[in-house]
Every structure is written in structure tokens, then in C-alpha cells.
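K.L.:
dropping a prediction and its sequence here:
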Amino acid sequence: MHDYLLKATAFKGEVRAYAIRSTDTVEEARKRQDTWATATAALGRSMTISTMFGAMLKGDNKLTVKVEGDGPIGAIIADANAKGEVRGYVINPHVDFESNEQDKLDVKRAVGTTGTLSVVKDLGLKKNFTGQVPIVSGEVSEDFTYYLANSEQVPSAVGAGVLVNPDHSVLAAGGFIVQMMPGASEETITRIEESIASVPPISTMIQEGKTPEEILEQILGKENIKIHERMDVKFSCPCTKERLETAIQSLGNEEIDAMIREDHGATANCHFCNETYTFTIDELRALKTQ
């Protein structure tokens, strides 16, 4: 099964829902970032949820999520768009701990419990939309739930999970978002709350081979769901050497001269995909003359 995301409604429009399998996407990020197990779980949860946030956008709109707690992992940054493309990285990828009391990866300890979660949306307007809330748990899913309720005023349940193999590769990753639309009845709200409380962890369902369709069916009931769109999901980074050339040119001839004189060239590394781009003296001179 490859990674994909579903957009759906349920209970005759009272509920909006998303579900995603993101195993391969998170594994690609892990390989590029060389993250250790707990860091992988924190990054994977953030990327998974960010992908669903991106699916709420339209056209060429995109967003950047930043989870910045006081834990040793440092900041988590993820970019996503309306096309199912996502990328992400952590400041300190080599963070891992013993399992917590629930025998799960201790993401809370890695992220920290003090800090902020911010979402910046590029909607093609003059100014970006920015929402920010304090971190409330460090478990990531709860923090995004709090963000939606307080910054965007949408009562939601957010779940994301990542299982990691002994060799640190990703065994399973996925998530869901269930949102109450205006006018949702108390009966519907109560039914969904009880259902979410009783379902297995999302990563367990993905590990068992459950599809996003089956995950939504288990949460919402098969008879209640209407699927609107299925979208492929993948790790994608738009960085290119040409983009970096433009960035170097923007520094000005004086800075380029310093690169030639002091460093005898230039090397740039992309934080997201970890690709390295090298510029020779001749290439820098060509950029300068342009």
C-alpha cells in the first residue's frame, strides 16, 4: 500500500474528516535526516498532521508548521501544500530515550512541554495568515488539537502515530483529523467522542494494514461516511541548484567576492532534504557577472 490521504464528511455534513497513511513519507524524511527513534516519532507526527492541514488548502496555497518546545529535539519544521506534498526536519535529529510509562516512544520528553506551535499559511495574499498557540502537552497530536480549537475556532480531534523498527526505520505512520462543523448535534459529538476514545492507536491500525478508509469507518461508522477525495502523499522538496544560484546572487557581488577569496567556492546544504550543492570559483564568478 502506498501513502495517501482521504477527505470526507460524515453524519450528513455535521462532521469533516481526514485520514492518512504516511509510512513511506516519514521513512523518506527519516533516511534524509538520519533521525533516531524518538526524533523520528516527533517529526513523523508533525509531518503527518501538517500534510492533513495542507489538504485543507486549495490550489497553490501552502503552509509551514513549527513546533518549538524546550526539549532536546529543538524545533520541528514542516512544509506542506494542497497537493499532498510535505517535507520536514528537526534541529537535533539524534534524540532518543527509553520508552515511557505507556511503553511508547517518549515524544513529550523530546519535544518539551513549554514553547509554541505556529502555523503560517501562504494563501497568495499580500500577508500570510499566522496562528500561534502554546504547547499544551508535547505529544504533538494534542497540541494540534488545541491549535485548531483556539486559533481557528474549529473543535477537532487530531491523532497521529509513528511506530519505529529496532533498526530505526519506520514501521507504520498515519493519522486522522475529525472536525465538528457548525450546527453539529450533541448526539453526534458524543458518539464521536466515545468512538475516538475506544479505537486502537492510529499507528497500530496502520501496522495492521488498515486503510485510511477503514480508519474513518472505525471512527465514524461505515454507513455515515461520504468520501470526497483521495490524494497521493509524498515527501517532496523543491530545492534546486538554480534556486540557490538565485539566493547567492541576491547576496550581492561583495559577498560573492568574499566566497571566492576566503572559501575558494561555496557549499550549501538543504535542511529539509539534506542535499548538498557545491559551487566552484568559476560558477561563483559567473553568478557575479550576471
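P.N.:
Received, thanks. Numbers count the residues shown, from 1 in each chain.
K.L.:
please count neighbours and contacts with C-alpha atoms only from this point.
P.N.:
OK.
K.L.:
look up how far V111 lies from the spatially closest residue to N150 that is not a sequence neighbour.
P.N.:
In space, and not counting its chain neighbours, N150 is closest to V133: 7.6 Å by Cα to Cα, 6 or more residues apart in numbering. Per Cα to Cα, to the nearest Å, V133 is found 15 Å from V111.
K.L.:
do a quick rundown of the strands in the chain.
P.N.:
With DSSP state E as the criterion, the chain has strands at 4-10, 15-21, 62-69, 75-81, 85-90, 115-122, 129-134, 156-164, 170-180, 225-232, 234-235, 266-269, 276-279.
K.L.:
would you mind giving these as a markdown table with distance to I192 and mean neighbour count added?
P.N.:
As requested, these are exported to a markdown table (distance: least, Cα to Cα, whole Å; neighbours: other Cα atoms under 10 Å):
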| stretch | distance to I192 | mean neighbour count |
| --- | --- | --- |
| strand 4-10 | 11 | 22 |
| strand 15-21 | 9 | 26 |
| strand 62-69 | 27 | 23 |
| strand 75-81 | 28 | 24 |
| strand 85-90 | 29 | 26 |
| strand 115-122 | 26 | 20 |
| strand 129-134 | 25 | 16 |
| strand 156-164 | 9 | 24 |
| strand 170-180 | 9 | 25 |
| strand 225-232 | 13 | 15 |
| strand 234-235 | 29 | 22 |
| strand 266-269 | 45 | 14 |
| strand 276-279 | 47 | 14 |
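K.L.:
touching, K226 and E14? I think so.
P.N.:
No: taking contacts as Cα atoms under 8 Å, K226 lies outside contact range of E14: 11.5 Å.
K.L.:
okay, now the unreliable bits of the stretch 1-150 of the chain?
P.N.:
Along the stretch 1-150 of the chain, the parts satisfying pLDDT under 70 run over 101.
K.L.:
how about 80 then?
P.N.:
Applying pLDDT under 80 to the stretch 1-150 of the chain flags the ranges 1, 99-103.
K.L.:
show me what contacts D143?
P.N.:
Neighbouring residues of D143 by Cα atoms under 8 Å, 6 or more residues apart in numbering: 117, 135-137.
K.L.:
10 Å instead?
P.N.:
Taking Cα atoms under 10 Å, 6 or more residues apart in numbering, we find D143 in contact with 67, 113, 116-117, 133-137, 158.
K.L.:
out of the strands of the chain, nearest to T289?
P.N.:
Checking those against T289 by Cα to Cα gives strand 276-279 as the closest, at 14.8 Å.
K.L.:
quick check: neighbours of the closest one in the sheet, parallel or antiparallel?
P.N.:
Sheet pairing for strand 276-279, assigned by DSSP bridges, gives strand 266-269 (antiparallel).
K.L.:
could you list the buried residues of stretch 198-214?
P.N.:
Going by neighbour count (16 or more other Cα atoms under 10 Å), the buried part of stretch 198-214 is 201-207, 210-214.
K.L.:
can I get those residues in a markdown table with pLDDT and distance to V162?
P.N.:
Output for the buried residues of stretch 198-214, formatted as a markdown table (pLDDT from 0 to 100; distance: Cα to Cα, whole Å):
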| residue | pLDDT | distance to V162 |
| --- | --- | --- |
| P201 | 91 | 10 |
| I202 | 93 | 8 |
| S203 | 90 | 6 |
| T204 | 92 | 9 |
| M205 | 94 | 11 |
| I206 | 94 | 9 |
| Q207 | 94 | 9 |
| K210 | 95 | 14 |
| T211 | 96 | 15 |
| P212 | 97 | 15 |
| E213 | 97 | 19 |
| E214 | 96 | 18 |
